[in-house]
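Enquirer: What follows is a predicted structure for the sequence shown.
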Amino acid sequence: MIFVKKILAEIWKLEFENAVTSEEDLKEKLNLTQRKLELLREKGYIEGFKLTDKGRKQIRVAVCGGVFDILHPGHGFMLEKAKAYGDVLVVIVARDETVKNRKRIPIVPEDQRLEMVKLLKPVDIAILGETDDYLRVIERIKPDVIVLGPDQTHNAEYIKEELRKRGLNVEVKRVTEYKECALHSTRNILQRIIERGYPNKRDESL
């Protein structure tokens, strides 16, 4: 069953990214034999090259979000915890405009932050969020669980209630542990840069 879930998770990812156009395309991308495809169809997990409702229910899709401005071990720790809640982890990267309105001007632009998050091991899919309605992207993903970080101020009950109004029944979990390290947040890293006076004050030509 574990092997089947892995295949179904991969099909979900390809479907979400609109990366498959035919049954043959699906077999090629996932290196599936015709027999394996037939078994999935016999179980009622797929129809054509897409998951059925039954197939979708065999896997859990987890979602988490963040700024991911200057990557540090705390980000990796959080993503590993979030991935433990699902077979697929979708990460929503906050838009520059959203960060400016809620926290500060981001150091790294959104496209670059997105690119870096895509490279992280626990991440299956990374996408940019919305600027006006942050739950709209959740409606698109239709996850089973949303995972909040320990320092994120989102209200779990409010999120669940708002999604219920939109026809989605989604669990909301919160990671309570922090990663213990010297520079455990972007703010800490920026403060260290300021304290050390970069660009290097020893070189007056900079």
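Expert: Yep, it's here.
Enquirer: other SSEs contacting the lengthiest helix in the chain?
Expert: For the chain, the helix with the greatest residue count under DSSP state H is helix 2-16. Counting contacts by 3 or more C-beta pairs under 8 Å, 6 or more residues apart in numbering; DSSP states H and E, helix 2-16 is packed against helix 23-30, helix 34-42, strand 50-51, helix 53-56, strand 88-93. Bear in mind the C-beta positions are built from the backbone N, C-alpha and C, glycine included.
Enquirer: what comes into contact with that helix?
Expert: 19-20, 26, 29-30, 32, 36, 40, 43, 45-46, 49-51, 55-56, 58-59, 61, 87-88, 90, 124-125, 141 (C-beta atoms under 8 Å, 6 or more residues apart in numbering).
Enquirer: Now the buried members of the residues you listed.
Expert: Neighbour-count burial (16 or more other C-beta atoms under 10 Å) is assigned, among the contacts of helix 2-16, to 20, 26, 32, 40, 45-46, 49, 51, 55-56, 58-59, 61, 87-88, 90, 124-125, 141.
Enquirer: Quick check: the gap between the residue nearest to the spatial centre of the chain and residue 19.
Expert: Geometric centre of the chain, nearest residue: residue 91, 1.4 Å, by C-alpha atoms, centre = their mean. Noted for residue 91: a distance of 18 Å to residue 19, by C-beta to C-beta, to the nearest Å.
Enquirer: For the chain, which residues score under the pLDDT cut-off?
Expert: Scanning the chain for pLDDT under 70 picks out 1, 184, 199-206.
Enquirer: what ranges do the strands span in it?
Expert: 46-47, 50-51, 61-66, 88-93, 125-128, 145-148, 171-174 (DSSP state E).
Enquirer: Which of those strands sits closest to residue 181?
Expert: strand 61-66 (16.8 Å; C-beta to C-beta).
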